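> My questions are about this predicted structure, shown below with the sequence.
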Amino acid sequence: MARTSGSGAKDSRETHRTASMADVAREAGVSQQTVSRVVNGQPNVSDLTRKRVNDAIARLGFRPNYAGRTLRDGHYRTVGICTFDMTQVGNLSTFEGVVMAAREKGYAVTMIGMGPEMAPYSVSYATRRLGELPVDGAIINLNILPEDFEEYTPLAGLNTVLVTMYAHPRCTTVDSDQYGCSLLVMNYLRALGHEQIRYIGGPSYHSHSAFREAGWKDELEKAGIEAREPLRGDWTADSGYFAGAKLAHDHEMTAIYAANDQMALGAITALRDAGIRVPEDVSVVGVDDSLEGMVPHNELTTIRFDQRERGRILFNRAIHGGPIEAIRIPGEIVKRATVTTRR
């Protein structure tokens, strides 16, 4: 009985052995060199022979050895991404843009995560992690500014792009214009007569919230208007609701600028629950245009960023390099029904 069990285990191992190039060559009745030409898309193989080899590959489940290919041309055809938060809407759309660009160029994407348990968050550590993997370029998403940002030096031979609003002297940075989007919002609201504009920000440690808050505050100060202490949420609609419930007692306020759409939606619900009409009594603007297709009859005025384009730029810079610069992608205001002229 034991002998039978052992024999079965051996057969199972043999059944699941990875097919080799020699196996494919025998199955197709060709040389290993011909199989190599087919796998690598090289010419000088007839259509009939190419079909025979591909049929053999499909039957045997052969997987090409990309390590060997890398030794020949020096490329893995893979881009690496490291991110602190994979759940935020903007990040997901950016990753989609990276994947789309990679697919068009025949590249794969390898992703690793950095959680809060790894504090202090280090961009050098993230680079080392990616540098240990078979990748041709690295994209590091920095929603939180790491302690070693200023002294950071990219690995030689590994194109590295940082996703952040902060410029860096030795590395290209790419981001949507988190400061400029606030200028769009404030100019729009002030053109409609609003001056008492309150801000609901995200977490204080998050760079996007910090830059959006700075744009809001700078525009008010430029107009000689005192910026009231901003309220803070955690990007969720619930936190926006709590902030909106507090602001419902602010009788001077005529508009709210929330740092993302979810918090804006929560604030609108709180205002309406308190008997305050939106936009007749208070106008509300969000950022990121993330509710379209998710909320029926989406009426929120917001800022839209082309996050997929951001992903494409990140991929191209990570793979092809280029001059060191700070690339900022402007947003556009999407005018819907939560803003009106101040009455």
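Yep, that arrived. Numbers count the residues shown, from 1 in each chain.
> Now stretch 185-196: buried residues?
185-186, 188-190, 194-196 (16 or more other Cβ atoms under 10 Å). No exception for glycine: its C-beta is placed from N, CA and C like everyone else's.
> Show me the strands in the stretch 151-300 of the chain, by range?
Ranges of strands within the stretch 151-300 of the chain are 159-163, 172-176, 197-201, 231-232, 255-258, 283-285, based on DSSP state E, counting those that start in this stretch.
> about what we covered before: mind picking the one among the buried residues of stretch 185-196 that's closest to V99?
Checking the buried residues of stretch 185-196 against V99 with Cβ to Cβ, the nearest one is V185 at 30.2 Å.
> who are the neighbours in contact with the closest one?
Contacts for V185 were tallied using Cβ atoms under 8 Å, 6 or more residues apart in numbering; they are 215-216, 257, 285, 287, 303, 333.
> Try it again at 10 Å.
197, 199, 212, 215-216, 219, 255, 257-258, 285-287, 301-303, 331, 333, 339 (Cβ atoms under 10 Å, 6 or more residues apart in numbering).
> next one: S93
Here S93 is in contact with 288-290, 305-311 (criterion: Cβ under 10 Å, 6+ apart).
> Show me just the buried residues among those residues.
Judged by 16+ other Cβ under 10 Å, buried ones among the contacts of S93: 288-290, 305-308, 310-311.
> quick one on the thing from earlier: quick one: the contacts of S93 as TSV, columns for distance to A237 too.
Formatted as TSV, those follow (distance: Cβ to Cβ, whole Å):
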residue	distance to A237
D288	13
D289	15
S290	11
F305	20
D306	24
Q307	20
R308	24
E309	27
R310	24
G311	26
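> Now go through these and say which are in helices.
Counted as lying in helices by DSSP state H, out of these, are 307-311.
> low-scoring pLDDT stretches of this structure, where are they?
Applying pLDDT under 70 to the chain flags residues 1-17, 65-74, 85-90, 115-120.
> which residues of it fall in helices?
Under DSSP H, the chain gives helices at 2-15, 21-28, 32-39, 47-60, 66-73, 89-104, 123-131, 180-191, 207-222, 237-247, 261-273, 307-320.
> L145 reaches S207, doesn't it?
Yes - here L145 reaches S207: they are 5.7 Å apart, a contact under Cβ atoms under 10 Å.
> Tabulate the buried residues of stretch 185-196 in JSON lines, adding columns for distance to L133.
Output for these, formatted as JSON lines (distance: Cβ to Cβ, whole Å):
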{"residue": "V185", "distance to L133": "40"}
{"residue": "M186", "distance to L133": "43"}
{"residue": "Y188", "distance to L133": "44"}
{"residue": "L189", "distance to L133": "46"}
{"residue": "R190", "distance to L133": "49"}
{"residue": "H194", "distance to L133": "50"}
{"residue": "E195", "distance to L133": "52"}
{"residue": "Q196", "distance to L133": "51"}
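> center of this protein, which residue is that?
N91 (2.8 Å; Cα atoms, centre = their mean).
> Give me the neighbour count for V45.
17 (other Cβ atoms under 10 Å).
> Hmm, A28 and it touching each other?
No - V45 is beyond contact range of A28, at 11.1 Å (criterion: Cβ under 10 Å).
> Which single one of the buried residues of stretch 185-196 is nearest to D250?
Nearest to D250 among the buried residues of stretch 185-196, with distances taken as Cβ to Cβ, is Q196, at 8.0 Å.
> who's in contact with the closest one?
220, 225-226, 228, 250-255, 282, 342.
> residues touching I319, list them.
75, 77-79, 101-102, 105, 107, 135-137, 139, 159, 161.
> Tell me which entries of those lie within strands.
Judged by DSSP state E, the contacts of I319 include 78-79, 137, 139, 159, 161 as members of strands.
> and which of those residues is nearest D273?
I139 (41.8 Å).
> Please tell me how far the residue nearest to Y76 when sequence neighbours are not counted sits from M253.
Among residues not flanking Y76 along the chain, P134 sits closest, at 4.3 Å (Cβ to Cβ, 6 or more residues apart in numbering). Distance, P134 to M253, by Cβ to Cβ, to the nearest Å: 54 Å.
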